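Q: attaching a predicted model along with its sequence, questions to come.
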Amino acid sequence: MIVLTSLSPHPARPGRVRVYIDGKYAFELSKKIIRAKNVVEGETLSAERRRELETFAVREAAISLLARRERSRAELAVALKRKRFAPDLIERVLQEIAAQGLQSDSRFAGAWVETRKRLSPRGRAALIYELKQKGIAGPEIKGAVNRYTQSDERAALRDLIASRLERLGASKDDKQKIKHRLLGFLARRGFAYDDIHDVLVHEFPDWA
């Protein structure tokens, strides 16, 4: 027999309740769900009832994560597994929220590229690698990176070289050391050597 032994208000999150089953912490639910589903202490839980409540818990946890920022499906899966939810319930909820448009790998990939372009420019190769690491599939990667045009990439490269040279120039290193460090920095950002060389020749001839 499975018993819901305790409902404890979350000490740091108003509106959230910790659910204990058979004396052990199981998951969190919102007070809204507690009321709507008539969840009470001492309730004997069938397997179906427990899964119903845990499914709500998985969904609320996923929505809470998405409210902070866009996330890939793979990122959400990892975060939800850390909370020890049942894998089949995680998969079910992820399918549902994707179908409802609440989570989208395509949207995540586009937002990732736009954020990189504005705040921390990368070459296309680095963007592709990063999106793969986030669990994004090929078609979504292609769609997002294709919106980062060659003109965008060249402009980002030009701005990075200018700002980096200004910083490296204060180091009092000789010119070859500065150039070596510059090339290493740009390569780590995913820019191709041919593109770097071309921008140096045309925009920064003293460093070509």
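A: That came through fine. This one's a predicted model, so the numbers in the text were calculated from it and none came from an experiment.

Q: what number of residues lie near the spatially closest residue to Phe191 that is not a sequence neighbour?
A: Counting by CB to CB, 6 or more residues apart in numbering, Gly123 is the residue found nearest to Phe191 once chain neighbours are left out, at 3.7 Å. Quick note: C-beta positions are derived from backbone N, CA and C, even for glycine. Counted with other CB atoms under 10 Å, the neighbours of Gly123 add up to 22.

Q: again with His197
A: Neighbours of His197 (other CB under 10 Å): 12.

Q: grab the longest helix from this protein for me.
A: The residue-count maximum for a helix in the chain (DSSP state H) belongs to helix 47-68.

Q: list the helices and strands it packs on?
A: With contacts defined as 3 or more CB pairs under 8 Å, 6 or more residues apart in numbering; DSSP states H and E, helix 47-68 has these neighbours: strand 16-21, strand 24-30, helix 31-36, helix 73-82, helix 87-99.

Q: so which of the ones you listed is nearest Lys117?
A: helix 73-82 (20.3 Å; CB to CB).

Q: let's see the closest one as PDB, backbone CA atoms only.
A: Output of helix 73-82 as PDB, limited to C-alpha atoms (Å, rounded to 0.1, in the frame of the first residue of the first chain):
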ATOM      1  CA  ARG A  73      14.900  18.900 -25.200                       C
ATOM      2  CA  ALA A  74      18.100  17.200 -24.300                       C
ATOM      3  CA  GLU A  75      18.900  19.800 -21.600                       C
ATOM      4  CA  LEU A  76      15.400  19.400 -20.100                       C
ATOM      5  CA  ALA A  77      15.700  15.600 -20.100                       C
ATOM      6  CA  VAL A  78      19.000  15.800 -18.200                       C
ATOM      7  CA  ALA A  79      17.600  18.300 -15.700                       C
ATOM      8  CA  LEU A  80      14.500  16.300 -15.100                       C
ATOM      9  CA  LYS A  81      16.400  13.000 -14.600                       C
ATOM     10  CA  ARG A  82      18.400  14.700 -11.900                       C
END
